[in-house]
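S.K.: sequence first, then the predicted structure:
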Amino acid sequence: MKFLLTIICLSCCVRLFAQPVVLTDEGRVDVQGAVQYWRDVRGKLDINAAQSIQFIPHDTDRAPSFGFDESVYWFKLEVHNRSSIEDWLLDVTFAPLDIVELYEQDDSSQWIRHESGDHFAVTAREIEHRHPVFVCDIPANASKTYYLRIKTNSSVQLPITFWERERFFKTYFNIEVFNGLFYGAMLIMILYQLFLFFSIRDKITFYYVLALLAMTNAVALFQGYTYLYLFPSMTWLNDIDTIFTAPLFIVFSGLLTRAFLNLRHFSPLLDRLVLVNMILDVAAALIMVIFYPSIPFVYHHYFVLIHCALTLTSAGYCLYSRYKPARYYLMAWITILLATALFAISNLGFAPGYLSTNYTGLMIGCVLQMLFITFALGDRWNQMARENEHAKELELQMRERERERLEVEVKLRTLEIQNKSERLEEVNRVKDKLFSLVSHDIKGPLGSLRLALSMMKAGQVTQEEFQTLSTALEARFGQTTEFVENLLQWATLQLKGETFEPVTVSLRSLAEEAVNLLELDIRRKDIKIRNNIPPSFTAFADPNMVKSVVRNLLTNAVKFTSAKGSVEFNAWKNGQQVIISVADTGVGIPPAHRNRLFTLDSITTAGTKQEKGTGLGLVLCKEFVEKNGGRIWFDTEEGRGTTFYFSLPEEGQCELPSASQA
């Protein structure tokens, strides 16, 4: 039991007092946990005050890692040189540290300060290297105490390695060769993808070029290459590059993710989340530029973690949605994003510090990412090629359909030309018929009038004969007037179109007006007129056209109705149409005449009192009704009468004719 207590006490003593760093002839010693530290919250401590402080031993076997902390950290190293080597180099293998100060005593016990870090020009360093490297002269078999003061806006980490000078340069030469191969491969891939972009003008290829540049810059930043080669003396540019490294990676890889996965189509929510994360990180970077160095880089790391999670989730979701190119994209990003996430977690202090100082994972992830993203782009190009072939097939089909459409259009145009030719022949035939009608229906009454006047002038007509003659002439002139009026309306409609001005019209009033116009003929035959159209019935139509239709239909009804007969007006609604009927008890229409009733080929017959007609009135009725958005038809029974029907739209339902129709 006493033995166990002794072992426990010795273990506690080891933790209370840090073990010294022992240098051997091997030429390389990793300090790891053999270091003591003190957190200077106010940042006012100097080297003289630091000697009197009881430093805290680091309680792990790994290099110190405290995450993002604005405090100043002091570290104490007890070094015993048990080798024959006196010229040693102290290598702090974490490049992004801002200010690193090394304190050592000279032979006269005076403290000497050495400065390094990316807030100092490279030429100000003792060794022009991408890491803070200090020259340490330690006599053989001697001991020495070193103090390091760290002030940084990045993650507070202190991985230290003591090197024998020659071995340091040999080892880093091999490392630089390996790193050179990596950056050369990245550069070749960037140039290759850039060449492809200029060849195919594909925006996804351009986004990939930008993402490769951002990844290469991120690795180079943490390895210290951007500081060493791009901004060796302009340290403020190094700060700007550090601020925008994470946002550039998030923005360019986010653009690539959204475009490559067509994320807006598969998941608008994930697409918006990726976009919002990009915008917020860029906004944080701009705020950091304004208030630097008050704001630490910790926020970038959280945005990077969110971005990694969103990218992997998006690729997995698109693969789940059976988007085939997503499989290579997921494989391409999973390694680099996991390595980036572990790197960020380590910088945040949630994982051992060696994860953020070992860049092999990031570099391997970049190489695998290049390999698989090439497969992904190739798979996508193959899909694009298939889609292009499909598009060509569709284009050929469209051309074939267009050719067929043109053939149909040519046939229709040919048919239209034939119809126009037939129409011209019809017009010539109509012209001949009109001339015949004009010579017969106008020349006849004028000849009768001339003969009557000659007989009256010669005194050959008695009073009774004059009375009979004047009655006959009056009837002939009434028919001639009706014919001339219909002829003028029809000619106007055919030549320049009738003015079409629809308004709300009262159907009962139009019927009454037509009855008043034909009152003399109605009285002569003692025909009974029944106007059953309700006063409230209206239609939306041109009043002059409807008036002509009603007048012509009533004229025909009176003409073909015997004495003591009747004519009846009715109206009713059918949906959005108003139906008007004009029914007579006349002689009806013979079957041979019915099919040609609304054409100029219609055969006119004399009325019940031998009234003559031309057939032109029903042609006008059909054209006027159709112009008002309706139709006209009839129902007849020979010997029992005829009923004409026509429809008109209700209020506001009429469709105005086009200019070519008007």
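M.R.: Done, it's in.
S.K.: shaky segments in the chain?
M.R.: Scanning the chain for pLDDT under 70 picks out 1-18, 293-294, 349-362, 380, 426-427, 429-499, 600-616, 652-662.
S.K.: quick one, longest helix in it?
M.R.: Looking across the chain with DSSP state H, the single longest helix is helix 360-441.
S.K.: mind giving me the packing neighbours of that helix?
M.R.: Applying 3 or more Cβ pairs under 8 Å, 6 or more residues apart in numbering; DSSP states H and E, we find helix 360-441 packed against helix 165-200, helix 203-223, helix 326-347, helix 463-495. Every residue, glycine included, has its C-beta placed from N, CA and C.
S.K.: ok, which of these comes nearest Y37?
M.R.: Comparing these against Y37 with Cβ to Cβ, the closest turns out to be helix 326-347 (17.8 Å).
S.K.: then the closest one to CSV, C-alphas only?
M.R.: C-alpha atoms of helix 326-347 as CSV (Å, rounded to 0.1, in the frame of the first residue of the first chain):
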residue,chain,number,x,y,z
ALA,A,326,-23.5,14.0,-56.9
ARG,A,327,-21.8,10.7,-56.1
TYR,A,328,-18.4,11.8,-57.3
TYR,A,329,-18.9,15.3,-55.9
LEU,A,330,-19.6,13.8,-52.4
MET,A,331,-16.5,11.6,-52.7
ALA,A,332,-14.4,14.6,-53.9
TRP,A,333,-15.3,16.8,-51.0
ILE,A,334,-15.7,14.4,-48.1
THR,A,335,-11.9,14.1,-47.4
ILE,A,336,-11.0,17.7,-47.8
LEU,A,337,-14.0,18.9,-45.8
LEU,A,338,-13.5,16.5,-43.0
ALA,A,339,-9.8,17.5,-42.9
THR,A,340,-10.8,21.1,-42.9
ALA,A,341,-13.4,20.5,-40.2
LEU,A,342,-10.8,18.7,-38.0
PHE,A,343,-8.3,21.6,-38.7
ALA,A,344,-10.9,24.2,-37.6
ILE,A,345,-11.9,22.2,-34.5
SER,A,346,-8.2,22.0,-33.5
ASN,A,347,-7.7,25.7,-34.0
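S.K.: who are the contact partners of L255?
M.R.: Counting by Cβ atoms under 8 Å, 6 or more residues apart in numbering, L255 makes contact with 207, 210-211, 278.
S.K.: same question for N81.
M.R.: For N81, the contacting residues are 23, 88, 138-144, by Cβ under 8 Å, 6+ apart.
S.K.: who's it bridged to?
M.R.: Counting by DSSP bridges, N81 forms beta bridges with L23, A142.
S.K.: what is the neighbour count of the nearest residue to E164 once chain neighbours are set aside?
M.R.: In this structure, E164 finds its nearest non-sequential neighbour in G27, 3.4 Å apart by Cβ to Cβ, 6 or more residues apart in numbering. The number of residues packed near G27 is 18, by other Cβ atoms under 10 Å.
S.K.: any idea how far G27 lies from I175?
M.R.: G27 sits 16 Å away from I175, going by Cβ to Cβ, to the nearest Å.
S.K.: same question, F75
M.R.: Distance, F75 to I175, using Cβ to Cβ: 25 Å.
S.K.: neighbour count for the two, which is higher?
M.R.: Applying other Cβ under 10 Å to F75 and I175 shows that F75 carries more neighbours, namely 22 against 11.
S.K.: give me the three-state assignment for the spatially closest residue to the more buried one that is not a sequence neighbour.
M.R.: Computed as Cβ to Cβ, 6+ apart, the closest residue to F75 that is not its neighbour in sequence is L148, at 4.3 Å. Under DSSP: H, G, I helix; E, B strand; the rest coil, L148 falls in the strand class.
S.K.: verify the stated contact: L148 with V79.
M.R.: No: between L148 and V79 there is no contact under Cβ atoms under 8 Å: 12.0 Å.
S.K.: need the helices and strands packed on helix 360-441 in CSV (columns: distance to L553).
M.R.: Formatted as CSV, these follow (distance: least, Cβ to Cβ, whole Å):
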stretch, distance to L553
helix 165-200, 74
helix 203-223, 71
helix 326-347, 75
helix 463-495, 13
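S.K.: so which of these gets nearest E519?
M.R.: Across the helices and strands packed on helix 360-441, closest to E519 is helix 463-495 (Cβ to Cβ), at 12.3 Å.
S.K.: immediately after that closest one, which helix or strand?
M.R.: Sequence-wise, the next helix or strand downstream of helix 463-495 (DSSP states H and E) is strand 503-506.
S.K.: list the helices and strands that following strand packs on?
M.R.: Packed next to strand 503-506, using 3+ Cβ pairs under 8 Å, 6+ apart, are strand 538-541, helix 543-559.
S.K.: how far out from the middle of the chain is that strand?
M.R.: Relative to its parent chain, strand 503-506 has a centroid offset of 49 Å by Cα atoms, centre = their mean, to the nearest Å.
S.K.: go through it and flag the buried ones.
M.R.: Of all the residues in strand 503-506, those buried under the rule 16 or more other Cβ atoms under 10 Å are 505-506.
S.K.: which among the contacts of L255 gets closest to F560?
M.R.: Closest to F560 out of the contacts of L255 is Y207 (85.4 Å), distances taken as Cβ to Cβ.
S.K.: quick one: the closest one from V22, how far?
M.R.: According to Cβ to Cβ, Y207 stands 52 Å off from V22.
S.K.: what about these two, which has more around it?
M.R.: It is Y207, of Y207 and V22, that has more neighbours when counted by other Cβ under 10 Å, with 22 against 15.
S.K.: from what I can see the more buried one touches F252, true?
M.R.: Yes: using Cβ under 8 Å, Y207 makes contact with F252 at a distance of 6.4 Å.
S.K.: re the thing from before, nearest to I579, of the contacts of N81?
M.R.: Out of the contacts of N81, the member with the shortest distance to I579 (by Cβ to Cβ) is W88, at 113.6 Å.
S.K.: Three-state assignment for the closest residue to the closest one other than its chain neighbours, please.
M.R.: Residue nearest to W88 in three dimensions, not counting chain neighbours: C136, with 4.5 Å by Cβ to Cβ, 6+ apart. Assigned with three-state DSSP, C136 falls in the strand class.
S.K.: so who does C136 touch?
M.R.: 79, 88-90, 104, 144, 146, 162 are the contacts of C136 under Cβ under 8 Å, 6+ apart.
S.K.: inside helices: which ones of these?
M.R.: The members of the contacts of C136 all map outside helices under DSSP H.
S.K.: name the member of those residues with the most neighbours.
M.R.: Neighbour counts for those (other Cβ under 10 Å) peak at L90, which has 27 neighbours.
S.K.: what about the closest residue to that one other than its chain neighbours, neighbour count?
M.R.: Residue nearest to L90 in three dimensions, not counting chain neighbours: F134, with 4.4 Å by Cβ to Cβ, 6+ apart. Look at F134: counted by other Cβ under 10 Å, it has 22 neighbours.
S.K.: just N570 next, same as before
M.R.: Look at N570: counted by other Cβ under 10 Å, it has 17 neighbours.
S.K.: if anything else comes up later, I'll come back, but that's it for now.
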